[in-house]
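> Here is the input, now give the coordinates:
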Amino acid sequence: MNSSATFQAARELLLKLRDDQSAAVREFRWPQLEYFNFALDHFDALAADTAFTDALALHIVGEYGSEVKRSFSELSKRSGQLANYLRGLDVKRGDRVLLMLGNELALWETMLAMIKLGAVVIPATGLLSTEDLRDRFTRGGVKHVVVGSALTSKFAPLENSFTRVAVGPPVEGWSNFDDSHRAPIEFKPDGPTRAIDPLLLYFTSGTTSKPKLVLHSHQSYPVGHLSTMYWLGLRPGDVHLNISSPGWAKHAWSCFFAPWLAGACIFINNSPRFNAQGLLTTLAAHHVTSLCAPPTVWRMLIQEDLGAWRGKLKLREVIGAGEPLNPEVIDRVRNAWGLTLRDGYGQTETTAQIGNAPGQRVKPGSMGRALPGFRIALLDAEGKPADEGEVCIDLSEGPLGLMVAYEDSAERTAEAMRDGYYRTGDVAARDTDGYITFVGRTDDVFKASDYRVSPFELESALIEHASVAEVAVVPSPDPLRLAVPKAFITLAPGVHPSKEVAEEIFAFTRQRLAPYLRVRRIEFVYDLPKTISGKIRRVQLRAQEVERHAAGERGESEFLEEDFPELKEGNIAKTEGNL
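Numbers count the residues shown, from 1 in each chain. Below you'll find the predicted structure:
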């Protein structure tokens, strides 16, 4: 059996056992692949299948009702044409290509084209600053850029020499994406793609000053996301809406690989600001069958009269991702729609590892059980299996849904994959039925509005302000975003706490941090809690924040971003993940 046939057999097994998680875990084995190219061996194969040729693969609905629709056949041909055009611009196998586009047709066309070429894609959010981009060029080895015309100015200060392709209105000095429509349609690869060849490079926040470089291959995400397809419960012909922003791993999870692995249509609802009524109207009008969204969205949706929509929606699967789901949210969705809102767990470094699959009993607060292809161990501080401990993936059976390495650090890779396990850095507890409940992180990274935030990155920016002597950033509870970054600051000698100083620091961080990293609360303190060795005890500050907010208290010298309306931009909702 060749690689493609082995892959298809594994896919068909999971589709067959989609309602029996225990059987799927027992019977599924990762396909052993020598060569594999998702775009050529799977997507183009679907497009050639009469059952999928004219089926919708992508459906984008714009803010004012505009629509873009493409079938599997149309995207297959168009991505081949675009690959030919990019090859003419000297994009070669193994080249690093930074991709910074919104939820627009060109994003999906370009991803498929890059995969066909064997290029390595570096997804990037449009929220990045020029300094962020400089880091990606330096450490990521970027040779080519495909970016929206409106964002090209961010690249002007860069001294690097690179191929520039602008999507949208013509930009002087940039090749125009529209010219690709004149390229030949038939694409011929320059050779086979090895399954272990690099495909994606993600910059993801960690506990160090710079983001980690997570490298994925042509099998780790494209094939590995069979587990994500299974968790989402996708079927051929489904219409799947995932609310996520391009540039982040979750977008690749549920807006690219998992739906197309199943032969489903990717549905995109483009809206500059989240509007619950608007989303519900769109779900009903376009017969969306599967909805995946961060808990922030679900918390906003349950403020509506969901029961009034019960007979109008075609939804079969509803999923939460990014943060633990509140049991109250699950109950309210179930009572309104008769559907079970399911949770799951994974990382940029992996595909979906743990989840509540369709048809399974859901325990409130639990993120589910191990998914097909993953053997999950919880290891205590001594590295021994325990009922509560660090979530670890057993590497003995070679799970495909795992990164190749942290490209920038062999030491960090070795540390994460020592003693036969990949260590996630997250702590969880498992009950006697095998259900796993998230407890917290082993380090201080936290989620804010569905983005991972590294305190060190924010602290490094804050400490540059002349008035700041020392700083510690922790998550502060927020009813909508779950948490927002809060900075505890000791001031430099001669500087006293005041509203004016707080305003200066808020403005300062706006110039140096991407919107999703901005500090939203500041509290001036005289001392930071520390260990005997001098390390800041952020865990103490986090606990203090939880207690204060539960009691409805505010710090004596605490200032909120909302205290300074003149600092706010016109469209904050858009900068916070396009929720």
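> Mind telling me what element the spatially closest residue to I463 that is not a sequence neighbour is part of?
Leaving aside its sequence neighbours, I463 sits nearest to V471 (Cβ to Cβ, 6 or more residues apart in numbering; 5.8 Å). Heads up, the C-betas are built off the backbone N, CA and C, glycines and all. For V471, the host element (DSSP states H and E) is strand 468-478.
> buried stuff in the helix or strand just after that strand?
Following strand 468-478 in sequence order, the next helix or strand is strand 482-491 (DSSP H and E). Residues of strand 482-491 classed as buried: 482-489, 491 (neighbour count, 16 or more other Cβ atoms under 10 Å).
> can you pull the alpha-carbon coordinates of strand 482-491 into CSV?
Extracted as CSV, the C-alpha positions of strand 482-491 are listed here (Å, rounded to 0.1, in the frame of the first residue of the first chain):
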residue,chain,number,x,y,z
LEU,A,482,-11.4,35.5,30.7
ALA,A,483,-8.2,37.4,31.5
VAL,A,484,-6.3,40.5,30.5
PRO,A,485,-2.6,41.4,31.1
LYS,A,486,-2.0,43.4,34.3
ALA,A,487,1.4,44.9,35.2
PHE,A,488,2.5,45.3,38.8
ILE,A,489,5.1,48.1,38.7
THR,A,490,7.6,49.5,41.1
LEU,A,491,8.6,52.9,40.1
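> After that strand, which helix or strand is next?
According to DSSP H and E, the helix or strand after strand 482-491 is helix 499-512.
> Also compute the angle for that following helix relative to strand 468-478, please.
Put simply, helix 499-512 runs at 80 degrees to strand 468-478, going by axes from the mean of the first three to the mean of the last three Cα atoms, to 10 degrees.
> Give the buried residues for helix 499-512.
Per 16+ other Cβ under 10 Å, helix 499-512 contains these buried residues: 501-503, 505-506, 508-509, 512.
> again with stretch 241-259
Residues of stretch 241-259 classed as buried: 241-259 (neighbour count, 16+ other Cβ under 10 Å).
> So the residue nearest to F36 when sequence neighbours are not counted versus L402, what's the distance?
Using Cβ to Cβ, 6+ apart and skipping residues adjacent in sequence, the residue nearest F36 is A195, 4.3 Å away. From A195 across to L402, the span is 13 Å (Cβ to Cβ, to the nearest Å).
> show me the contacts for A51.
For A51, the contacting residues are P236, by Cβ atoms under 8 Å, 6 or more residues apart in numbering.
> for it, helix, strand, or coil?
At A51 the chain is in coil, as set by DSSP: H, G, I helix; E, B strand; the rest coil.
> Geometric centre of this protein: which residue is closest?
In the chain, the residue lying closest to the centroid (Cα atoms, centre = their mean) is K250, at 2.8 Å.
> What count of nearby residues applies to the closest residue to N103 other than its chain neighbours?
Distance criterion Cβ to Cβ, 6+ apart; nearest residue to N103, sequence neighbours excluded, is I268 at 4.8 Å. For I268, the neighbour count with other Cβ atoms under 10 Å is 22.
> Same question for N335.
With other Cβ under 10 Å as criterion, N335 counts 12.
> nearest spatial neighbour of it, skipping sequence neighbours?
N335 sits nearest to G307 (Cβ to Cβ, 6+ apart), 7.6 Å away.
> what residues go with each domain of this protein?
Split into domains by automatic domain parsing, the chain comes to 33-39+72-216, 446-575.
> Compute the first-to-last residue distance for the longest one.
It stands for domain 33-39+72-216. End-to-end distance of domain 33-39+72-216: 15 Å, with Cα to Cα, to the nearest Å as the criterion.
> about what we covered before: can I assume the residue nearest to the centre of the chain is in contact with G344?
No: with contact defined as Cβ atoms under 8 Å, K250 does not reach G344; the gap is 10.9 Å.
> For those two, list the residues in contact with both.
In contact with both K250 and G344: A321, using Cβ under 8 Å, 6+ apart.
> By residue count, tell me the biggest helix in the chain.
In the chain, with assignment by DSSP state H, the single longest helix is helix 72-88.
> Torsion angles phi and psi at L341?
The phi/psi pair for L341 (degrees, to the nearest 10) reads phi -80, psi 120.
> so it touches P327, yeah?
No: assessed by Cβ under 8 Å, L341 is found out of contact with P327, at 10.0 Å.
> of these two, who's got more company?
Taking other Cβ under 10 Å, L341 and P327 do not tie; L341 has more neighbours (25 against 14).
> Quick one, grab the pLDDT at the more buried one.
Note for L341: predicted pLDDT of 95.
> Repeat that for P327.
What the model reports for P327 is a pLDDT of 76.
> what's the nearest residue to it if we skip its chain neighbours?
In this structure, P327 finds its nearest non-sequential neighbour in P364, 3.7 Å apart by Cβ to Cβ, 6+ apart.
> residues contacting the one you found?
327, 330-331.
> Pick the one among these closest to L107.
Comparing these against L107 with Cβ to Cβ places I330 closest, at 31.9 Å.
> what residue ranges in the stretch 451-579 of the chain score low on pLDDT?
456, 531-535, 569-579 (pLDDT under 70).
> do you know how far H286 is from H240?
11 Å.
> more crowded one of those two?
For H286 versus H240, neighbours defined as other Cβ under 10 Å are more numerous around H240 (26 against 17).
> Remind me what the helix or strand containing the more buried one packs against, helices and strands.
Assigned by DSSP H and E, H240 belongs to strand 239-242. If contacts are counted by 3 or more Cβ pairs under 8 Å, 6 or more residues apart in numbering; DSSP states H and E, strand 239-242 sits against helix 258-262, strand 265-269, strand 290-293.
> For the closest residue to G118 other than its chain neighbours, give me its contacts.
Among residues not flanking G118 along the chain, R93 sits closest, at 3.5 Å (Cβ to Cβ, 6+ apart). By Cβ under 8 Å, 6+ apart, the contact list for R93 reads 117-119, 190-191, 197.
> what residues does the helix or strand harbouring A113 touch?
Element membership of A113 [criterion: DSSP H and E] is helix 105-117. The contact list for helix 105-117 (Cβ under 8 Å, 6+ apart) reads 37-40, 43, 58, 60, 68, 70, 75-76, 78-80, 82-83, 86-87, 91-93, 97, 99, 101, 121, 146, 167, 177, 187, 189, 199, 218, 222, 246, 256, 266.
> first to last residue in stretch 33-46, what's the distance?
Stretch 33-46 stretches 19 Å from its first residue to its last (Cα to Cα).
> what residues does it touch?
Contact with stretch 33-46 is made by 3-4, 6-7, 52, 72, 75-76, 79, 112-113, 115-116, 118, 189, 192-195, 218-219, 222-223, 257, 260-261, 263, as judged by Cβ under 8 Å, 6+ apart.
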